[in-house]
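1. quick one, fold the following:
(chains A and B)
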2 protein chains.
Amino acid sequence: MDRTNHQFRLAARPSGLPEDSDWSYAEGPVPEPGDGEVLVQVLYISLDPAMRGWMNEGRSYIAGVGIGDVMRALGAGRVLASNHPSLAAGDHVTGLVGVQEYAVAKGDALLKVDAGMAPLPVHIGTLGMPGMTAYFGLLEIGKPAAGETVVVSGAAGAVGGVVGQIAKLKGARAVGIAGGQEKCRHIVEDLGFDAAIDYKAEDVASVLRERCPAGIDIYFDNVGGEILDAALANLTRMARVIICGAISQYNALQAVRGPSNYLSLLVNHASMTGFVVSDYGDRYAEGAREMAEWYAAGKLVSREDVAEGLENFPATLLRLFSGENTGKLVLKLNHQGENNA
Amino acid sequence: MDRTNHQFRLAARPSGLPEDSDWSYAEGPVPEPGDGEVLVQVLYISLDPAMRGWMNEGRSYIAGVGIGDVMRALGAGRVLASNHPSLAAGDHVTGLVGVQEYAVAKGDALLKVDAGMAPLPVHIGTLGMPGMTAYFGLLEIGKPAAGETVVVSGAAGAVGGVVGQIAKLKGARAVGIAGGQEKCRHIVEDLGFDAAIDYKAEDVASVLRERCPAGIDIYFDNVGGEILDAALANLTRMARVIICGAISQYNALQAVRGPSNYLSLLVNHASMTGFVVSDYGDRYAEGAREMAEWYAAGKLVSREDVAEGLENFPATLLRLFSGENTGKLVLKLNHQGENNA
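-> Numbers count the residues shown, from 1 in each chain, chains lettered A, B, ... in the order given. Predicted structure coming up:
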């Protein structure tokens, strides 16, 4: 194996938005897989809001990335060599591959996927972690009933777009909050949401009342901040708020802004419940099966936003936080002279 | 009926803490009960944190008190005259009597109580609304299991003291947060809490970790603000936070302070659920029965803080917000030349 492996390693812990100086671009030999391990040629890297948290010191639900370590990332690739009985060269897999061209991983930690059933970016988006996040968060915590109003923020993102579509599949009304006309058009016209709110052009607090005249039964929050407060002000009795993320706060230099309207929970006998997708790790197979059925039946539209080139990783990651992506943001790696599937 | 009825009426909506000028002290004739109504001689007025919210404009879970109206209050008294089939002169009742010496109320809205079984202040405290608040909030939302750690703020108050005692009855560990040495002594020595934290003398954020080494499974919040944030920072996985009140915020001149540690819900798959006791109105009988059994068996200690004289109502109410009361704060009315039961 004489190929070179290019990588992005964490050079410093960012304060606020990650900067170029927080990364080091390194190269080294492609590693050999050990016992039970697999060598993967990484074809797509997944860009997820959670990555910002992984750059911090200390332990949240998962340990932070160490200084000098390859940046943690989900991704998809092709097996080049396998020392694991259930994976063979040529198989396509998803899992934690890191921001690099070649990864060695435990075979048990990778998921074999069918690239014929859906393109690889769909496997790391709608049928991957973001899809599972939407599925378990909405169905297990939100438990939408037909006729209820489900509002989701970050609605044009990888998780939010799926939340609205599952809400519709369950007979609920789906209202999405997103930034910009094109995203709002996308979620209504392409994804089938009932209504959209453009937080960049509209006053969310006042418009929410108008687009949700019966109030909000379920609010799926990906953003935190003012939008969470606006949603809290419009809850119905027994409403469920699902705390999935708080992208507006991840790069905050000051303390996180707490939801000052939280006493709306009190007057409405409402609840606010947080989760991370790994809480449902033992039920992924169940979720993946139902999601794949919906996707195959054309009931679930998947949208990906594909950037290219490992060298563009730092800039592409920032697009998540500036809200520029529509759909699942992935980075396609260009392996010279090879078929990238 | 030639007696005079003295009353406190709402003269102005307070900004921050209620001031004397927000009240008018009025007198008028004692009213006659109409059809289905009852005339009650008010013997005790209940002072509750919720009263501060009732003084505001607009509608929360209950409409605000109108300017010029008698201030809304729960209380206990004796029936003087009844046009209701199930109440007779001499009966003792509790209900919304208002801050006045004589009240006319619908008989259906009053609860007949046994003054022989427990003194009237207990009927408006541990066996009344505060007791029901503790009972349903802790048992229906918190669902404590044996061995779990239950933390309650406002622990020396009417609700908090009962929360800790019910937690103990269910085999949980009870830790109370209260202000001052005497209150902390009271909840441990008199009420049987396992530990106390004096928020006036100790740094709650650091001491919580020490007194709850296994983390907080259930946090019953009566205060909001910094103490809520400290509790959020110490949750266990699947912890339940019960939002019952936020007395630290009721007189805030600025916006309510939201809990900036709310993302602890996310990493712990924890929930935060609010309620008001009337949400369980159709189950009061069930709660009252079990609480009365516990009280009669000596398993529930009730503590009241009794002030005297209608004229002291404005000053006594303020004691709630300065945290001066230990146990249920009530105002005993002195009816001249009469037995006040």
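2. from here on, just use CA atoms for contacts and neighbour counts.
-> Fine.
3. so which strand or helix has residue A:67?
-> Using DSSP states H and E, residue A:67 maps to neither a helix nor a strand.
4. what is the burial count for it?
-> Using other CA atoms under 10 Å in any protein chain shown, residue A:67 has 17 neighbouring residues.
5. over to residue A:159. Which of the three states is it?
-> Look at residue A:159: counting by DSSP: H, G, I helix; E, B strand; the rest coil, its state is helix.
6. list the contacts of it.
-> Going by CA atoms under 8 Å, 6 or more residues apart in numbering or on different chains, residue A:159 touches A:126, A:130, A:131, A:133, A:134.
7. can I get those residues in TSV with secondary structure?
-> TSV is the format used below for those (three-state DSSP):
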residue	secondary structure
A:126	coil
A:130	helix
A:131	helix
A:133	helix
A:134	helix
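8. OK, contacts around residue A:147?
-> Contacts of residue A:147 were listed using CA under 8 Å, 6+ apart, and they are A:171, A:172, A:173.
9. scratch that, residue A:57 is what I was asking about
-> Contacts for residue A:57 were tallied using CA under 8 Å, 6+ apart; they are A:13, A:64, A:65, A:66.
10. and which of the residues you listed is nearest chain B?
-> The shortest approach to chain B among the contacts of residue A:57 belongs to residue A:64, at 13.7 Å (CA to the nearest CA).
11. got phi/psi on the closest residue to the closest one other than its chain neighbours?
-> Spatially, and ignoring its direct neighbours in sequence, residue A:64 is nearest to residue A:54 (4.5 Å; CA to CA, 6 or more residues apart in numbering or on different chains). According to degrees, to the nearest 10, the main-chain angles of residue A:54 amount to phi -70, psi -20.
12. got it, and residue A:121?
-> Main-chain torsions, residue A:121, degrees, to the nearest 10: phi -60, psi -30.
13. those residues of chain A touching chain B, which are they?
-> Within chain A, the residues that sit near chain B (CA under 8 Å from any CA of the partner chain) are A:60-61, A:243-245, A:255-276, A:279.
14. among these, name the ones in helices.
-> Of the residues of chain A next to chain B, the ones assigned to helices by DSSP state H are A:264, A:265, A:266, A:267, A:268.
15. dump those residues into CSV; add neighbour count as well.
-> CSV is the format used below for these (neighbours: other CA atoms under 10 Å in any protein chain shown):
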residue, neighbour count
A:264, 26
A:265, 28
A:266, 24
A:267, 22
A:268, 22
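16. for chain B, state which of these is nearest.
-> Proximity of these to chain B (CA to the nearest CA) peaks at residue A:266, which lies at 3.6 Å.
17. excluding its backbone neighbours, what's nearest the closest one?
-> Excluding the flanking residues, the one nearest residue A:266 by CA to CA, 6+ apart is residue B:274, at 3.6 Å.
18. any idea how far stretch A:280-299 is from the middle of the chain?
-> When distances are taken as CA atoms, centre = their mean, to the nearest Å, stretch A:280-299 is centred 16 Å away from the chain's centroid.
19. which outside residues touch that stretch?
-> So stretch A:280-299 is contacted by A:117, A:127, A:128, A:131, A:132, A:135, A:136, A:169, A:300, A:301 (CA under 8 Å, 6+ apart).
20. returning to that earlier point: of the residues of chain A next to chain B, which belong to strands?
-> A:243, A:271, A:272, A:273, A:274 (DSSP state E).
21. so where's chain A uncertain?
-> A:1-2, A:59, A:337-341 (pLDDT under 70).
22. please redo it, this time with the cut-off set to 90
-> A:1-3, A:49-50, A:53, A:57-63, A:246-257, A:285, A:321-325, A:335-341 (pLDDT under 90).
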